[in-house]
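Chemist: structure, please.
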Amino acid sequence: MNLTLRRRPMDMPTMINGTPSVGRLFSEMLSDPFFNLPLELSASPVRAVPLDIVETEKAYIVKADLPGFSKENVEIELVDKVLTIKGEITEEVDEKKEEKFLRRERRLESVVRSIAIPEGVLESEVTAEFNNGVVHITLPKAPTILPKKIAIK
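Modeler: Below you'll find the predicted structure:
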């Protein structure tokens, strides 16, 4: 069974003054089988992890979204002042099931993100928590070195 999906923008007119609209031409172009490539050919297998970085008085906090991942699928490394967050989901295919997939995109996903961390982070005290698909990484700041006043005798 060969299934071709046609995409047509809902709000775009198909004809303008008797001429096909740009939206219609674009829609027809996307319905061409060339643009329905398998996932491994049409997109990069690894995507970037979206994240926020917050600075508080005592630490930097990195919040990274990893929906669908469990903490067993996530790896966090800190090497040479670079924080790397990696995640990978793989699912083994059950050969006994008689399922025929027309398209399969949800079973394999890899994500990665690396960021340079600022000077003054206590690398030995970095912690991470994983809750509801969000990893929170706390990078504590080193105490500020204040100048010591020396009394003259």
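Chemist: and residue 73, what does it touch?
Modeler: Going by C-beta atoms under 8 Å, 6 or more residues apart in numbering, residue 73 touches 66, 87-89. (Each C-beta comes from the backbone N, C-alpha and C, glycine too.)
Chemist: how about the strands of this structure, start to end?
Modeler: 15-16, 19-20, 46-48, 51-55, 59-65, 74-79, 82-89, 109-116, 127-131, 134-140 (DSSP state E).
Chemist: rank these by pLDDT, which is bottom?
Modeler: Ranked on mean pLDDT, the bottom entry among those is strand 15-16, at a mean of 56.
Chemist: can I get the strands of the chain in TSV with mean neighbour count and distance to residue 151?
Modeler: TSV is the format used below for these (neighbours: other C-beta atoms under 10 Å; distance: least, C-beta to C-beta, whole Å):
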stretch	mean neighbour count	distance to residue 151
strand 15-16	10	85
strand 19-20	12	87
strand 46-48	12	55
strand 51-55	13	36
strand 59-65	18	34
strand 74-79	14	41
strand 82-89	18	43
strand 109-116	15	41
strand 127-131	13	40
strand 134-140	18	33
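Chemist: let's have those strands in a markdown table, adding distance to residue 103.
Modeler: Converted to a markdown table, these look like this (distance: least, C-beta to C-beta, whole Å):
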| stretch | distance to residue 103 |
| --- | --- |
| strand 15-16 | 31 |
| strand 19-20 | 28 |
| strand 46-48 | 18 |
| strand 51-55 | 29 |
| strand 59-65 | 24 |
| strand 74-79 | 26 |
| strand 82-89 | 17 |
| strand 109-116 | 15 |
| strand 127-131 | 30 |
| strand 134-140 | 28 |
